[in-house]
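Asker: how does the following fold in three dimensions:
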Amino acid sequence: MIKVGILGAAGYTGGELIRLLLNHPETEIVFANSESNAGNPVCDVHEGLVGETDLCFTNEMPFNKVDVVFFCFGHGKSEQFLKEHVIPENVKIIDLAQDFRIKGDHDYVYGLPEINKIEIQKAQHVANPGCFATCIQVALLPAAHLGLLKEDVAVNAITGSTGAGQKPGATTHFSWRNNNLSIYKPFQHQHIAEIRQSLKQVQGTLDADIDFIPYRGDFARGIFCTAVVKTTAPVEDVIKVYQDFYHDAAFTHYCNKPIDLKQVVNTNKALVHVEKYGNKLLITSCIDNLLKGAVGQAVQNMNIMFGIDETTGLRLKASAF
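Answerer: Numbering: from 1, shown residues only. As a prediction, the model looks like this:
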């Protein structure tokens, strides 16, 4: 059994991670750390787990008793945590924050299995991709493989309220979010850097801008993305590349007909579809922001790191109705 520790276990990602790991046949949760909830039953906070576990939150961090630790911190806290705490070198780390996603003076592998599976297999430390970043990358990576990203790419993507985290805020309050729609961080969202990094990795160079407009949606979970790429390439050739690019991907699938969000909610799937209008390629993609966009992909990375089938514990059915 893979022995697991979870830091920041009381938030949305922590709760989803616990849910997945309780039903994972190869894992045992050793501790779920939360300073503010220490001593409280996990199911008092994550109420969907009532009857599933007797696990309680703890303020202890027995790293010597685990094989892997998941960081479910807010952005910017992982790097600081590692400066203040020592984790044994043999313990693997999967960080769900953005602290180590950009290549630099660290050994974290960017955990997007669609392009980095071999590196993830050998990694001791993995930086899990962001939710918007995952959805946009699966839309654009095959186009990058074809060398199509030569002009600026227009991207719009809408996310559910869980993408803002569990702590209430002005733009997550139900009465504000309900029957409402808004944009935030246009052209300057923090995920653009990791998106560009991956696209450049696949295409070789990337001079074009990724003009990304994020939307807050009036629903709880999921991300739906549209991207427009200018090209003269025949659509049949483009579709063939998309099909081939994801032929061996465990959870990313090219669909021959238009996709919708309900096909992926509550799953670790990413769906992609392509159409062409004149010289414009319209690419749509969708994921569940808490699963393929966060902890589902993190568990997928854990499976790869420990040499087990990457789909283990992740065969989840979409809630289509």
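Asker: could you pull out the strands for this structure?
Answerer: For the chain, the strands defined by DSSP state E cover 2-7, 27-33, 68-71, 92-95, 109-110, 125-127, 153-159, 182-183, 210-216, 223-230, 252-254, 270-277, 280-287.
Asker: mind listing what's buried in the least confident helix or strand in the chain by mean pLDDT?
Answerer: Among the helices and strands of the chain, helix 174-177 carries the lowest confidence by mean pLDDT, DSSP states H and E, at a mean of 73. The neighbour-count check on helix 174-177 (16 or more other C-beta atoms under 10 Å) flags residue 177 as buried. (Glycine included, C-beta is placed from N, CA and C.)
Asker: out of the strands of the chain, nearest to residue 139?
Answerer: Proximity to residue 139 (C-beta to C-beta) singles out strand 280-287 among these, at 3.8 Å.
Asker: tilt between the closest one and strand 153-159?
Answerer: Relative orientation of strand 280-287 versus strand 153-159 (axes from the mean of the first three to the mean of the last three C-alpha atoms, to 10 degrees): 30 degrees.
Asker: buried residues, strand 280-287. List them.
Answerer: By 16+ other C-beta under 10 Å, the buried positions in strand 280-287 come out as 281, 283, 284, 285, 286, 287.
Asker: tell me how many other residues crowd the residue lying closest to the third one once chain neighbours are set aside.
Answerer: Spatial nearest neighbour of residue 284, excluding adjacent residues (C-beta to C-beta, 6 or more residues apart in numbering): residue 273 at 4.9 Å. Here the neighbour count serves as a burial measure; for residue 273 (other C-beta atoms under 10 Å) it reads 20.
Asker: residue 273: what's it in contact with?
Answerer: 254, 255, 256, 257, 258, 259, 283, 284, 285 (C-beta atoms under 8 Å, 6 or more residues apart in numbering).
Asker: let's see that with 10 Å instead.
Answerer: For residue 273, the contacting residues are 139, 239, 242, 253-260, 282-286, by C-beta atoms under 10 Å, 6 or more residues apart in numbering.
Asker: now the two most distant members of the buried residues of strand 280-287.
Answerer: 281 and 287 (19.9 Å).
Asker: got the domain ranges for this structure?
Answerer: As given by the TED database, the domain ranges for the chain are 2-128+294-306, 131-287.
Asker: show me the one of those that comes nearest residue 315.
Answerer: domain 131-287 (8.5 Å).
Asker: from the chain's centre, how far out does that closest one sit?
Answerer: A distance of 12 Å separates the centroid of the chain from that of domain 131-287, by C-alpha atoms, centre = their mean, to the nearest Å.
Asker: what does stretch 96-105 give?
Answerer: Relative to its parent chain, stretch 96-105 has a centroid offset of 14 Å by C-alpha atoms, centre = their mean.
Asker: pLDDT on that stretch, on average?
Answerer: The predicted model assigns stretch 96-105 a mean pLDDT of 95.
Asker: ok so, going back, quick check: the two most widely separated of the contacts of residue 273?
Answerer: Using C-beta to C-beta, these reach their maximum pairwise distance at 239 and 260, which is 19.0 Å.
Asker: low-confidence regions, the protein specifically.
Answerer: For the chain, the stretches with pLDDT under 70 are 163-173, 175, 320-321.
Asker: residues near residue 181, how many?
Answerer: Neighbour count of residue 181, defined by other C-beta under 10 Å: 10.
Asker: correct me, but it touches residue 218?
Answerer: Yes: counting by C-beta atoms under 10 Å, residue 181 touches residue 218, with 6.5 Å between them.
Asker: between the two, what contacts are shared?
Answerer: Contacts common to residue 181 and residue 218, judged by C-beta under 10 Å, 6+ apart, are residue 158.
Asker: quick one: residue 85 from residue 221, how far?
Answerer: Note on residue 85: its distance to residue 221, by C-beta to C-beta, to the nearest Å, is 31 Å.
Asker: quick one, helices of the chain?
Answerer: Per DSSP state H, the chain carries helices over the ranges 12-22, 42-45, 77-84, 113-122, 131-145, 174-177, 192-203, 235-245, 296-305.
Asker: so the third one versus strand 2-7, what angle?
Answerer: The reference is to helix 77-84. Angle between the axes of helix 77-84 and strand 2-7 is 100 degrees (criterion: the same axes, to 10 degrees).
Asker: any idea how far helix 77-84 is from the chain center?
Answerer: Helix 77-84 sits 21 Å away from the centroid of its parent chain (C-alpha atoms, centre = their mean).
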